[in-house]
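> show me the folded form of this:
(one chain, ligands or ions: 3)
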Amino acid sequence: MPAETGAAALKGRAEPAIQTVEVALGARSYRILVGAGLLAEAGRHLAQAGRPRQVAIVTDENLADRHLPALQTALAEAGIAAVAQVLPPGEGAKSFGSFERLCEWLLEVRIERRDMVLAFGGGVVGDLAGFAAAVLRRGTRFAQVPTTLLAQVDSAVGGKTAINTRFGKNLIGAFHQPELVLADTDLLDSLPPRELRAGYAEVLKYGLLGDRAFLDWLAAHGPAVLDGADGGAARAEAIARSCRAKAAFVAGDERESGDRALLNLGHTFGHALEAEAGMTGDLLHGEAVAVGMLCAAILSERRGLLGAADTAAVRRHLAAAGLPQSLAEIGGADWPAGRLYAHMRQDKKAEGGRLRFVLMRGLGNAFLADDVAEDEVRDTLDAVRRPGNMA
Ligand SMILES: NC(=O)c1ccc[n+]([C@@H]2O[C@H](COP(=O)([O-])OP(=O)(O)OC[C@H]3O[C@@H](n4cnc5c(N)ncnc54)[C@H](O)[C@@H]3O)[C@@H](O)[C@H]2O)c1
Ligand SMILES: O=C(O)C(=O)C[C@@H](O)[C@H](O)[C@H](O)COP(=O)(O)O
Ligand SMILES: [Zn+2]
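Ligands and ions are numbered 1, 2, ... in the order given. Predicted coordinates:
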């Protein structure tokens with residue numbers, strides 16, 4: 001889209017260029033577009049990716065009033081027929097019940113394989129709609145218009161789709177890549193600050209796991225990513241850099257048999273915290289990952305792999321972003337370590353019953369460890385039980 005014809009230009013402000021990130025997966029390669037005003041161009045971009053006869057939009061109530069009409073108009077202008085399903089917001093929608101209802105609706109409105117399921121929402125909508133697309137008629141076309149920071153930097157990219165079960169997070173799912181991802185940064189203007197902060201945790205993750213330079217950039221520009229006060233330039237840059245990092249991991253290891261597991265930094269702990277919190281959405285995924293990444297730093301430090309100053313830097317970064325650093329801050333001061341460890345044993349990275357953790361050999365240099373003892377995990381959890389508690 002030429003910069004001067006975008007929605008931002010109509011609002012009377014200069015618009016930064018749209019950035020393109022390629023996810024290289026051979027015949028299933030796709031583009032992620034990042035920038036302002038993309039929603040209004042959604043129909044044109046979908047048509048370019050291979051015009052679907054009909055699109056089934058899956059979204060949630062928080063988006064239905066604010067942004068769904070603009071998406072519907074964009075599709076209509078491109079001559080693409082659309083039907084929409086509006087879900088209740090929140091993590092609870094990643095359940096067997098809503099998965100069944102969504103599949104039945106997709107069948108009722110006769111979505112065919114060559115039609116398209118379009119996820120319009122955060123990671124919850126994306127994971128649920130993507131899973132439905134993966135299994136509907138054994139595989140239906142899929143695209144994503146992510147609307148949260150978390151979804152724009154992470155969940156809309158890479159094809160992991162899933163629902164939760166009472167045994168834990170994302171335990172039933174499939175890999176099903178989208179054909180296009182449109183990350184319209186204007187959509188983040190209506191996102192609640194707490195959701196922005198939670199998404200920021202996944203941005204920080206890319207720096208911690210593999211990109212020291214990005215980490216330093218975030219230390220300087222993180223506040224602008226969160227408040228958007230620079231007109232969205234820092235946000236767009238953070239999203240594009242995050243997507244480039246994720247695209248490289250996905251292109252190299254689509255189904256997580258190797259290095260892609262590094263994208264799970266903070267998640268072995270984080271998913272256990274979400275499971276213990278009940279997966280109701282009271283604890284946001286990004287908040288759980290924030291505490292989880294601190295756990296990974298503490299565990300790494302205790303193994304002599306990370307300096308105390310580096311762990312302190314992780315704490316400071318989380319604090320500056322308004323993210324939690326203790327179980328107490330997420331309502332879990334009394335969560336028993338044994339229960340949390342039992343949740344971790346459901347982690348998908350486990351092999352032969354052995355847990356694998358993503359640890360750090362210095363900031364920006366993550367690796368997988370399969371020799372972490374239960375006692376180390378318990379000690380690490382005790383260290384984050386209360387703010388500043390390094391017991
Ligand atoms: N598939 C993956 O690779 C992957 C990666 C990271 C996280 N996830 C999953 O993503 C989920 C979390 O996603 P999330 O953080 O986007 O949460 P979410 O989907 O629940 O969205 C957060 C909240 O913001 C609202 N919202 C969304 N966009 C909005 C907007 N533009 N304006 C106003 N309100 C808006 C939603 O209605 C919801 O209430 C978790 O289930 C997590 O496991 C998946
Ligand atoms: O894309 C990946 O790979 C990730 O690990 C990204 C994570 O941020 C995301 O939360 C993912 O859903 C976790 O995957 P899971 O396999 O541990 O469920
Ligand atoms: Zn995550």
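> longest helix of the protein?
Among the segments of the chain that qualify as a helix by DSSP state H, the longest is helix 233-252.
> distance of the closest residue to ligand 2 within the chain from residue 119?
With CB to the nearest ligand atom as the measure, residue 170 is the residue of the chain nearest to ligand 2, at 3.3 Å. Heads up, the C-betas are built off the backbone N, CA and C, glycines and all. When CB to CB, to the nearest Å is applied, the distance between residue 170 and residue 119 equals 15 Å.
> what helix or strand is the spatially closest residue to residue 238 that is not a sequence neighbour located in?
Of all residues not flanking residue 238 in the chain, residue 225 sits nearest, at 4.6 Å (CB to CB, 6 or more residues apart in numbering). Assigning secondary structure by DSSP states H and E places residue 225 in helix 212-227.
> for residue 388, give me the pLDDT.
pLDDT, the model's per-residue confidence, is 77 for residue 388.
> over to residue 12?
In the prediction, the pLDDT value recorded for residue 12 is 46.
> low pLDDT regions in the stretch 201-350 of the chain?
Applying pLDDT under 70 to the stretch 201-350 of the chain picks out no residues at all.
> so who does the residue of it found nearest ligand 1 touch?
Of the residues in the stretch 201-350 of the chain, the one nearest ligand 1 is residue 285, at a distance of 3.9 Å by CB to the nearest ligand atom. Contact criterion CB atoms under 8 Å, 6 or more residues apart in numbering gives 91, 123, 150, 198, 270, 274 as the residues in contact with residue 285.
> if we go to 7 Å?
By CB atoms under 7 Å, 6 or more residues apart in numbering, the contact set of residue 285 is 123, 150, 198, 274.
> so what's the residue count around the closest residue to residue 115 other than its chain neighbours?
By the measure of CB to CB, 6+ apart, the closest residue to residue 115 outside its immediate chain neighbours is residue 54, 4.4 Å from it. Neighbourhood size, residue 54 [other CB atoms under 10 Å]: 16.
> can you give me the domain assignment for the protein?
Domain ranges of the chain: 3-191, 236-383, per automatic domain parsing.
> turn those domains into TSV, including distance to residue 209.
Listed next are the domains of the chain as TSV, based on distance: least, CB to CB, whole Å:
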stretch	distance to residue 209
domain 3-191	12
domain 236-383	4
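> and the ones you listed: which comes nearest residue 208?
Using CB to CB as the criterion, the shortest distance between residue 208 and the domains of the chain is 6.1 Å, found for domain 236-383.
> roughly how far apart are the residue of the stretch 201-350 of the chain closest to ligand 1 and residue 17?
According to CB to CB, residue 285 stands 30 Å off from residue 17.
> again with residue 252
Separation of residue 252 from residue 17 (CB to CB): 27 Å.
> and the furthest pair within the contacts of residue 285?
Maximum pairwise distance among the contacts of residue 285 (CB to CB): 13.4 Å, between 150 and 274.
> is it true that residue 260 touches residue 247?
No: with the criterion set as CB atoms under 7 Å, residue 260 and residue 247 do not qualify as a contacting pair; they are 11.3 Å apart.
> the more surrounded of those two?
Set residue 260 next to residue 247 and count neighbours by other CB under 10 Å: residue 247 wins out with 22 against 19.
> now the more buried one. Nearest residue, chain neighbours left out?
Ranked by CB to CB, 6+ apart and with sequence neighbours excluded, the top spatial neighbour of residue 247 is residue 23, at 4.5 Å.
> show me what contacts the one you found?
Listed by CB under 7 Å, 6+ apart, the contact partners of residue 23 are 29-30, 32, 157, 247, 250-251.
> one more pass at 6 Å, please.
Applying CB atoms under 6 Å, 6 or more residues apart in numbering to residue 23 gives the contacts 30, 247, 250.
> sorry, back to before: where does the residue of the stretch 201-350 of the chain closest to ligand 1 fall, phi/psi-wise?
Note on residue 285: its backbone torsions stand at phi -50, psi -50 [degrees, to the nearest 10].
> and the gap between it and residue 87?
Taking CB to CB as the measure, residue 285 falls 17 Å from residue 87.
> can you give me the helices for the stretch 251-391 of the chain?
With DSSP state H, counting those that start in this stretch as the criterion, the stretch 251-391 of the chain has helices at 267-277, 285-302, 308-320, 337-344, 374-383.
> turn those into JSON lines, including distance to ligand 2.
Below are those laid out as JSON lines (distance: least, CB to the nearest ligand atom, whole Å):
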{"stretch": "helix 267-277", "distance to ligand 2": "5"}
{"stretch": "helix 285-302", "distance to ligand 2": "6"}
{"stretch": "helix 308-320", "distance to ligand 2": "16"}
{"stretch": "helix 337-344", "distance to ligand 2": "11"}
{"stretch": "helix 374-383", "distance to ligand 2": "17"}
